[in-house]
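Student: Would you be able to build a 3D model of this:
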Amino acid sequence: MTVFGFGRRKREAQQLADAREEALRWYERLGGQLMNLSGEEPAVKQALVDASERYNAAGGQLERATSLKQYDLARETSLEGLAYIRAARTAMGLDAGPDLPALAGARAGQITKEREIAVQGHTYRASPQAGDTTPYYYPGGAVAGRGVPAGWYSEPWWKTALVAGAWGIGSVLVFDALFNSSWGDHGYDAAYNAGFDQGLDQGYDQGFDQAVGDGDFDGGDGGDGGDWGDAGFGDFGDFGGDF
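Tutor: From the prediction side, this is the model:
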């Protein structure tokens, strides 16, 4: 082995070790927060359940990780869990704690006003604050090609698309009703959906038909989630501003 080859392998090994330590740091911080928090309010309990799911997923990712990308994914999953911890603390009336590094997919803006819509006879709500009618938090990010803003929701209607990788018709109707252009002049539809619509015919319909054929989703609210460890988001670009 040449001197240059040895030096490169040494640098790569150090980068891998650093990435592992960084992922472990956030994973252990998430575990410590989970041990020290509890609450009986529905929004608090649900946020802690979601944080616990991310903790379990990150642990599995760390056990399997052998590359920089895999350690980065474990780090991202732990940061998602800590975002739910911050939401739980806020719902409890506590200080949210130190700011976190930005999530890779969290560029979909924030919900800043109460919103209630009816789709197919069912009522959906979104709010910047936790409440009895909005107990489900989402930290914001891209879900199957569409940006879901951070905030509190009446139910996790985006989960099916997050797990299956494609939106059901019912969830698309909810998305369009909640985040249409009449909800303030924030440029969301113009900035993000215009680009999304360009690939709709060639990409979405094909993926949707395949998902329906495979039975990957049932058109409901997606259930309670499960192990989301392999649902990496990546960088989806800027989706717009606040809502």
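
Student: By mean pLDDT, point me to the weakest helix or strand of this structure.
Tutor: helix 188 (a mean of 35; mean pLDDT, DSSP states H and E).

Student: Any idea how far the longest helix along the chain is from the middle of the chain?
Tutor: Ordering each helix of the chain by length in residues (DSSP state H) puts helix 3-36 first. Centroid separation between helix 3-36 and its chain, computed with CA atoms, centre = their mean, to the nearest Å, is 23 Å.

Student: swap in stretch 112-132?
Tutor: The answer for stretch 112-132 is 19 Å, by CA atoms, centre = their mean.

Student: How far does it stretch from one end to the other?
Tutor: 18 Å (CA to CA, to the nearest Å).

Student: One more: stretch 140-153?
Tutor: Using CA to CA, the two ends of stretch 140-153 sit 12 Å apart.

Student: just stretch 131-150 next, same as before
Tutor: Using CA to CA, the distance between the terminal residues of stretch 131-150 is 15 Å.

Student: Residue 61 reaches residue 76, doesn't it?
Tutor: No. Using CB atoms under 8 Å, residue 61 is not in contact with residue 76; the gap is 9.2 Å. Just so you know, the C-beta spots here come from the backbone N, C-alpha and C atoms, and that holds for glycine as well.

Student: Quick check: what element follows the longest helix of the chain along the chain?
Tutor: helix 42-64 (DSSP states H and E).

Student: thinking again about what came up before, over the longest helix of the chain, what's the mean pLDDT, rounded is fine.
Tutor: When pLDDT is averaged along helix 3-36, the result is 89.

Student: Stretch 120-127 too?
Tutor: 93.

Student: Stretch 130-145 too?
Tutor: 91.

Student: Enumerate the positions of it that are buried.
Tutor: Neighbour-count burial for stretch 130-145, counted by 16 or more other CB atoms under 10 Å, picks out 130, 133-145.

Student: any idea which of those is closest to residue 81?
Tutor: Nearest to residue 81 among those is residue 139, at 9.7 Å by CB to CB.

Student: who touches that closest one in this structure?
Tutor: 80, 83, 84, 87, 103, 106, 150 (CB atoms under 8 Å, 6 or more residues apart in numbering).

Student: Now do the first one: how many residues are near it, please.
Tutor: The one in question is residue 80. 29 (other CB atoms under 10 Å).

Student: For my notes, confirm it occurs in a helix.
Tutor: Yes. According to DSSP: H, G, I helix; E, B strand; the rest coil, residue 80 belongs to a helix.
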